[in-house]
Each structure stands twice: as C-alpha cells, then as structure tokens.
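Student: Return a 3D structure for these sequence lines:
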Amino acid sequence: MKKKAAEQPFGVKEIARRANVAIATVDRVIHNRPGVSPKTKSKIEAIIRELNYQPNILARRLASRHILRLATVLPKVSSQETDFWTLPVAGIQKAEEEIKQFGVKVEPFYFDLNDRKSFGKVTKQVLKNPVDGILLAPSFIEESVAFIRSCKELNIPYVFINSDIPQQESLCYIGPDLFRSGYQAGQLIRYCTPRNARVLVLNISHEIEDHHHLLRKEEGLRAYFQDTKRPIVKKDIRQTDQASIEKELSKALQQHADVRAIFVTNSRVAAVSRYLEKKGIDKDILLIGYDFTKENVSRLDQGHIDFLICQQPQEQGYRGIMALYQHLVMKVPVEKTHFMPIDIITKENHAFYNCDDHDYC
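Tutor: Modelled structure (predicted):
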C-alpha cells in the first residue's frame, strides 16, 4: 500500500493562482498595504482563510536588510537619583538580545528626571530621525503629551512603562496599577499600627505635579481610609538631596509628633530611613516605600524599612520591547493594559526576590 505524500503547506503562489492575481497583489493584502481594490482584497482574504495560510514573517525578517529601530526614552541614573532605572534597562537589554537576530535594534535615549528641558531635548532628538517604535517612561505631562502627539502624526507606535498618562492612548501600558498599590499600602498600615495612628505621606520629587504617578498612589492610600477617622497628613519635598529631605522631614515630624507610619510614594524611602535611624525613632514608626533597589534592600535587611512595594521593573522593560516586537514584526494584537503584580517585600522574603537569581525582579 502506497503511503500518501506529506501534505504540503500552501504559499503565496497558490493564493495568487486561485485568485488569478499577481503575487505582488497578494503580498499587498498580507501586509495591509494600499493599491488593491476592495473586491480583490476580499477575494484574497477568503482564500487565505480557506487555506489557513500563515505568513513566515520571521523568515522574511531574516531575508530583509531593513533594520527595525526601536527607541527607549527613560530617566538616566545619576548620583542624585536611586538606581531604580537600571532595572528596566536590564529587561530591555534582555529583550533586545532575544530579537536582534531578526534585525531589531534598540536605541537608548536618557533624560534628566529633574530637568524638564532635558526631556524636551531628548524627545526632539528621537523625532529628528524617526524610529519604528518607542518605549516611553512618561514624565513631565505637558511635554510627554506633545511628544506622543508628534508620534501619532508620524504613525510611530509607543508603549508606556512604569506609569501612563491619563486620557492618552498608547499601543499599551505595562506597569503597576498605581491607585491599587497605594491602596495596598493603606492595608499594610492598618494591619501594623493602632486604629487612630497618624500617617505621613511623603512625595519626594522635584516635579511633583508632573509625576502624577506619585499622586495616584497617595489617592489610593486615602481611599483605603476614607471610611475611617485615620488622620493622614502630607508633605511634599521638592529637593531630593539627603540634607533637604532630612530638613523637611524634621519639620513635618515636629509639627506632627504623633506620626506612627510613613508612606513614601517612590524609591527614595532609603533616605527617609537614614534620618529615622539617626534620630533613634526608626523602631517607633512604620516605614513603607517602593522599589527593589540595592540601597532600599540593604536598609530593609537591616530593619530600617518595614515594607517595600515592588512592581517588577525589569519585566516592564522586557515586556515593553516585546510588545513593540509583537506589533511591528509578528503583526499580532497586543494586550492594551498589563498591570504588574503588587509585590510586598520584607526582610524575611527579599532573598527570594533577588534580581541576580531570577530573570526579573
């Protein structure tokens, strides 16, 4: 008995033969390019569905000499800042290593988180030689909105990581649910402090109004306590050096001596812990902050920080690049919003969350 010949997959030539059109016409339909009448396009699409044709996109990328350029626009790490942004960069580099064989190049651009003009200069530089896609950590709302407006005009897809911009569309957002993470902090405070203990919220940033992600965390905390009489006070500290933080924190604690919990809305919680330790009150005040930076983990391990809320920044960077890759190369739909887990890190469990031992932190 003769064996049946192995069934051969149908290709572009067969689709063109059945539709009685040129191969170039089929190629235009597959890649959604103009120049094909609606009637012919519908006919070709019906044949593609009938044959269950799947274009070998990766083979085409390998054969193509075109380099797909992706830009990342992130805050730079400096001596005045925490090392938080080294983590998304590590995820971005991991993603690039996986996809560079398919002709994808990632070009990094960095701005000064404390300098509005720096952001404008960097984004102008990106637009001067337009790329195929952009990964953006939005800061300075007005400037960010102007930048993404230009991206829309140039038809450049962009992905937000770490925080989004309210009422602004993007290919997707990958990062924490900012409101819920603040809400989670409120729950921790309720578990660990007396019912009427005063809470101090610290926003430490040069541009607090533009860093809306800090304010949304604060909103989440306040929402958790909205049905209670829990006293909550806020202090905005606009200079981020250690001396300025200590000066303003000292004023706040003198004014509110009954504070029993401090919620720092970003990664600068280590600076707060140093002041509390210096004054000998680090055991009397519950301290909660954000991010798995080296200094924060060290202070956590020493018992000077009680909880760190983390949102897997390395995976944010990785997923952001892969979202652009899926959209631009694989031509598949991308999840519009991907909220990262809200991880609660303590002295006892931080060793199992170590970036050196795992793909992500």
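Student: and Val233, what does it touch?
Tutor: 198-201, 252, 256, 259 (Cβ atoms under 8 Å, 6 or more residues apart in numbering). Every residue, glycine included, has its C-beta placed from N, CA and C.
Student: Could I get the residues you listed in a markdown table, plus columns for pLDDT and neighbour count?
Tutor: Formatted as a markdown table, the contacts of Val233 follow (pLDDT from 0 to 100; neighbours: other Cβ atoms under 10 Å):
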| residue | pLDDT | neighbour count |
| --- | --- | --- |
| Arg198 | 97 | 17 |
| Val199 | 98 | 25 |
| Leu200 | 98 | 23 |
| Val201 | 98 | 22 |
| Ala252 | 97 | 16 |
| His256 | 96 | 14 |
| Val259 | 97 | 19 |
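Student: from those residues, which is closest to Asn129?
Tutor: Val201 (42.3 Å; Cβ to Cβ).
Student: right, and the secondary structure at the residue found closest to that closest one once you drop the neighbours it is linked to in the chain would be what?
Tutor: Once flanking residues are discounted, Val201 sits nearest to Lys234: 4.5 Å by Cβ to Cβ, 6 or more residues apart in numbering. With DSSP: H, G, I helix; E, B strand; the rest coil as the basis, Lys234 sits in strand.
Student: re earlier: looking at the contacts of Val233, spot the one nearest Asp227.
Tutor: Using Cβ to Cβ, the contacts of Val233 come closest to Asp227 at Val199, 15.0 Å.
Student: Just to be sure, the closest one is in a strand?
Tutor: Yes - under three-state DSSP, Val199 sits within a strand.
Student: which other helices and strands contact the helix or strand where Ser181 lies?
Tutor: Secondary structure from DSSP states H and E places Ser181 in helix 178-192. Judged by 3 or more Cβ pairs under 8 Å, 6 or more residues apart in numbering; DSSP states H and E, the packing partners of helix 178-192 are helix 212-224, strand 259-264, strand 286-290, strand 307-310.
Student: Could you list the residues in contact with it?
Tutor: Contacts of helix 178-192 (Cβ under 8 Å, 6+ apart): 163, 197, 199, 213, 216-225, 230, 261, 263, 265, 286, 288, 290, 306-307, 309, 311, 339, 342, 344.
Student: Of these, which count as buried by neighbour count?
Tutor: By neighbour count, with 16 or more other Cβ atoms under 10 Å, those hold 163, 197, 199, 213, 216-218, 220-222, 224-225, 230, 261, 263, 265, 286, 288, 290, 306-307, 309, 311, 342, 344 as buried.
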